[in-house]
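[1] model the following, please.
(chains A and B)
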Amino acid sequence: MAQIRVEALDKSFGAFHAVKAASFTVEDGQFLCLLGPSGCGKTTTLRMIAGLELPTSGTIRLDGEDVTMNRASARDIAFVFQLFALYPHMNVRRNIGFPLKCEGIGAAERDRRVVEAARILRISHLLDRSVAGLAGGDRQRVALGRAIVRKPKCFLMDEPLGALDTEMREAMIHELRALHDRLGATTVYVTHDQLEAMAMADRIAVMNNGVVEQVASPRDIYDRPASLFVADFIGSPPMNFLPFRGGLQTGAEAIRLGERDVAIPAAREAMTDSELVLGVRPEHVRFTDRGMVRGEVYGTEYLGTTQIVTVTTHYGALKARSPSSRSFRTGEIVGLDFRPDTLSIFDKASGRAIRTALHEGAAHG
Amino acid sequence: MTSATTAHSVVEPSATTRRFAGSLVVLYAIITMIPLVWIMLTAFKSPDDAISYPPKVMFKPSLEGFCNLFTTRSRQTPEFIRSLGPPQGLCDSIARERNMVVAGPSNYVPRFVNSLIIAFGSTVLAVALGTLSAYGFSRFRVPLKDDLLFFILSTRMMPPIAVAIPIYLMYRTIGLSDTRLGMILLYTSVNVSLAVWLLKGFIDEIPREYEEAAMIDGYTRFQAFVKVVLPQATTGIAATAIFCLIFAWNEYAFAVLLTSGNAQTAPPFIPIIIGEGGQDWPAVAAGTTLFLVPIVVFTVLLRKHLLRGITFGAVRK
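    Model prediction:
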């Protein structure tokens, strides 16, 4: 197993700049998710780590060794494709054994390791079946088998659960994470599904338009988003944004929102008078008659234990998460206020989060 | 009225539609088969039966056509024939009934062998070159890719005979006229454009993840191509090979112009089999019947691939 270090990685396809100066490190044994909307460059980044694309510039180090320009076969990695890429002209046993055959490992040793991999993935009974007749989940297990059989330096996975149905996907999320914990393998996992990323990853790298916006633990990504994009992309429904104009002094503990002061985590940097955005998660919106923002209930979505209440306010539609026991009438006038210690402030122009007490104690990197 | 009350699927054709479509197919098959059947019947007729009017469907089968195809004969006086010993085999006795003796083998077998060598040789070359270039066009960023592909296709836009004279002159200068190599190269160059276009379609359909997986597992790109792409492209390769073979096997115009002796193929040879007192139709028909055999055998061997190959890409898997 190995550490993966990606430094200032750039990739252009003709005029299209797919990946812009991406840098992050995956520590030995860590599970990192590359998360972002489609076309954000996450798959390209993964393919560069694998050696399936060559970067325009930048370096990739595996365990300190510069492998940027090495052939894929020389990197000792395993790649799991979204469409599994099982060879249709081979049965399960030969598919799993294929990487060992490429390495020239003898038949007896090969068979021993194939059986071992199949046992770990609980597909021993399928070994002599043709891959064509397998169900989606089993195909994915075979694809994983082909990855783990070789004991590579790291696993790279490109939306491996994307082709599965919801039920199978949830089962496989837990299986993948359990497999990771068992093998302790460094893993880079590409997905556009934040639930997958949140459930599996040790750390998440959020990408947008080729730029790595934030690399942090799932908790930090959610609670302390580094940019407007991350705040908007993560969470369902996403963070509410209230635009306002104002300045900030270092140490300020409130901002002026319309006619009222809103308490915020103490600012750790100063901002001159500019367009700012106050960010608040729906679950941190509270209903109170003396709230600082007033609005009219527009509608509710019932989610079982909680409900999402949409309130039309001066700042646009705000969504609040509230226990479903409480009932709201459409058109009802309500007051809202926000849990002060959880608020984020962003600079609207750059989209960057302004440093506040919220970020203290958070792991960065 | 029962059919009106039974529930029917809008996707599945109804029984009436099936019967109608079925009879159309049978009718079409009969229409296309009649000339072939007639040729095969003619091959077993005697020269008199072959040109009788009205045409004979029932007749006494004779191997005279095949004998005349494979031999050359010379006319002799009955006295001379009587002075010879017993007939040398079946063909000799048939010939003697017509006051002739077998003088030696005809040129049919060497012409047929030429056809086999040239057709299969050019097919193998065209498919091999086509597969490699189709893979390149499918997988790599080739500068001016679209223009190159169009150029390759454009070689098929004029009738091949339009370039026959220049090719004839060039071949004469460089010594390729009336050589098997010359004909192989010529048919290869005509077929390679078809092969590139057909095979590019097939290879585009093979997900590149397969080779990428193999390359990550330790293969070079060429090894991945051979071990992973080729096995999956067999259907396309088989279909392409049949199309190329049929073209090269049947080609007539270039063969007439560019070959006369050494490298002459069967198509220009068959029509010029002249019998005693005019065209020897049973011999021509026998030559044509045998000429059909290799294509039929090749197609039957590959038919499993051919059917899938022609409809490949029409339906998303």
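
[2] from B:Ile51, how far out is the residue lying closest to A:Tyr87 once chain neighbours are set aside?
    Distance criterion CB to CB, 6 or more residues apart in numbering or on different chains; nearest residue to A:Tyr87, sequence neighbours excluded, is A:Asn95 at 5.7 Å. For the C-beta atoms, the positions are set from N, CA and C on the backbone; glycine is no exception. Distance, A:Asn95 to B:Ile51, using CB to CB, to the nearest Å: 65 Å.

[3] those two: which is more packed in?
    A:Asn95 (26 against 15; other CB atoms under 10 Å in any protein chain shown).

[4] which other helices and strands does the strand or helix carrying the more buried one contact?
    Using DSSP states H and E, A:Asn95 sits in helix A:92-102. Applying 3 or more CB pairs under 8 Å, 6 or more residues apart in numbering or on different chains; DSSP states H and E, we find helix A:92-102 packed against helix A:107-120, helix A:136-148.

[5] so which of those helices is the most surrounded?
    Scoring the helices and strands packed on helix A:92-102 by mean neighbour count under mean count of other CB atoms under 10 Å in any protein chain shown gives helix A:136-148 as the most buried, with a mean of 24.

[6] that helix: what's the following helix or strand?
    Next element after helix A:136-148 (DSSP H and E): strand A:154-158.

[7] regarding the chain, what is its longest helix?
    In the absence of a named chain, chain A is used. If you go by DSSP state H, chain A has its longest helix at helix A:166-183.

[8] my question was about chain B, not that one.
    helix B:108-139.

[9] pull out the buried residues from it.
    Burial within helix B:108-139, assessed by neighbour count using 16 or more other CB atoms under 10 Å in any protein chain shown, is assigned to B:108, B:110-112, B:114-115, B:117-123, B:125-127, B:129-131, B:133-135, B:137-139.

[10] please enumerate the helices of the stretch 201-317 of chain B.
    Under the criterion DSSP state H, counting those that start in this stretch, the stretch 201-317 of chain B carries helices at the ranges B:209-216, B:221-224, B:230-250, B:253-258, B:266-269, B:281-301, B:303-311.

[11] mind giving me the packing neighbours of the third one?
    Read it as helix B:230-250. Using 3+ CB pairs under 8 Å, 6+ apart: helix B:230-250 touches helix B:108-139, helix B:180-205, helix B:281-301, helix B:303-311.

[12] how about A:Arg93, nearest residue that isn't a chain neighbour?
    A:Leu127 is the one closest to A:Arg93 (CB to CB, 6+ apart), at 4.5 Å.

[13] now do that neighbour against chain B, distance only.
    18 Å (CB to the nearest CB, to the nearest Å).

[14] any chance you could map the strands in the stretch 1-150 of chain B?
    In the stretch 1-150 of chain B, the segments counted as strands under DSSP state E, counting those that start in this stretch are B:71-75, B:100-105.

[15] what about the shortest one, distance to the chain center?
    What it means is strand B:71-75. 30 Å (CA atoms, centre = their mean, to the nearest Å).

[16] buried stuff in it?
    B:Thr71, B:Arg73.

[17] please apply the same query to the longest one.
    Within strand B:100-105, the residues that qualify as buried by neighbour count (16+ other CB under 10 Å) are B:Met100, B:Val101, B:Val102.

[18] stretch B:171-183 too?
    Buried residues in stretch B:171-183 (16+ other CB under 10 Å): B:Tyr171, B:Leu176, B:Ser177, B:Asp178, B:Thr179, B:Arg180, B:Gly182, B:Met183.

[19] and the two most separated of the residues you listed?
    Longest distance between any two of the buried residues of stretch B:171-183 is 12.4 Å, between B:Tyr171 and B:Arg180; criterion CB to CB.

[20] for the residue of the stretch 201-350 of chain A found nearest chain B, give me phi and psi.
    Going by CB to the nearest CB, chain B is nearest to A:Gly210 of the stretch 201-350 of chain A, at 19.6 Å. Taking degrees, to the nearest 10, you get phi 80, psi 0 for the backbone angles of A:Gly210.

[21] and for A:Arg122?
    Dihedral angles (degrees, to the nearest 10) for A:Arg122: phi 60, psi 50.

[22] where does the stretch 251-365 of chain A dip in pLDDT?
    A:361-365 (pLDDT under 70).

[23] show me the strands in it, by range?
    A:254-257, A:260-263, A:271-280, A:285-287, A:293-302, A:306-313, A:316-323, A:333-338, A:344-347.

[24] just name the most buried of the ones you listed.
    The most buried one of the strands of the stretch 251-365 of chain A (mean count of other CB under 10 Å) is strand A:344-347, showing a mean of 22.

[25] so who does A:Ile60 touch?
    By CB atoms under 8 Å, 6 or more residues apart in numbering or on different chains, the contact set of A:Ile60 is A:Ile4, A:Arg5, A:Val6, A:Glu7, A:Leu9, A:Met48, A:Ile49, A:Asp66, A:Val67, A:Thr68.
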